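J.: pasting the sequence and the predicted model now:
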Amino acid sequence: MKTITLTDDAYERLAALKTSPRDSFSKVILRVVPKRGTAAQILEAVRKLPPLSDEQAEMMLAVSREMNDPSRLRDPWADEKT
């Protein structure tokens, strides 16, 4: 058993993740904080996820298109006033 110190904000966030009054902070941490792992372990975990719904897949494509739109990119040197 260990004692830790949390800020009030951190405590409130952790407490909000409890699923029942009997849920302990240890259980919450073990449930939401992943173990350190390798890229191979992450890939294995991702492969176990269910497939995306059509709506989720379209949302991912839309976000990807938006993030890769060259018009979003700005040249910091061009914006500089001389």
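T.: Received, thanks. Numbers count the residues shown, from 1 in each chain.
J.: contacts for the lengthiest helix in the chain, please.
T.: The longest helix of the chain (DSSP state H) is helix 54-67. Applying CB atoms under 8 Å, 6 or more residues apart in numbering, the external contacts of helix 54-67 come out as 52, 72. Bear in mind the C-beta positions are built from the backbone N, C-alpha and C, glycine included.
J.: let me see the mean pLDDT of the helix or strand just after that helix.
T.: Heading C-terminal from helix 54-67, the first helix or strand you meet, by DSSP states H and E, is helix 76-79. The average pLDDT within helix 76-79 is 72.
J.: and the contacts of helix 76-79?
T.: Taking CB under 8 Å, 6+ apart as the rule, helix 76-79 contacts no other residue.
J.: centre of the chain to that helix, how far?
T.: 32 Å (CA atoms, centre = their mean, to the nearest Å).
J.: and if you look at stretch 18-29?
T.: Averaging C-alpha positions (CA atoms, centre = their mean) puts stretch 18-29 20 Å from its chain's average.
J.: first-to-last residue distance for that stretch?
T.: Taking CA to CA, to the nearest Å, stretch 18-29 runs 10 Å from one end to the other.
J.: list the buried residues in that stretch.
T.: Residues Val28 are the ones in stretch 18-29 that count as buried (16 or more other CB atoms under 10 Å).
J.: and the contacts of that stretch?
T.: So stretch 18-29 is in contact with 14-15, 17, going by CB under 8 Å, 6+ apart.
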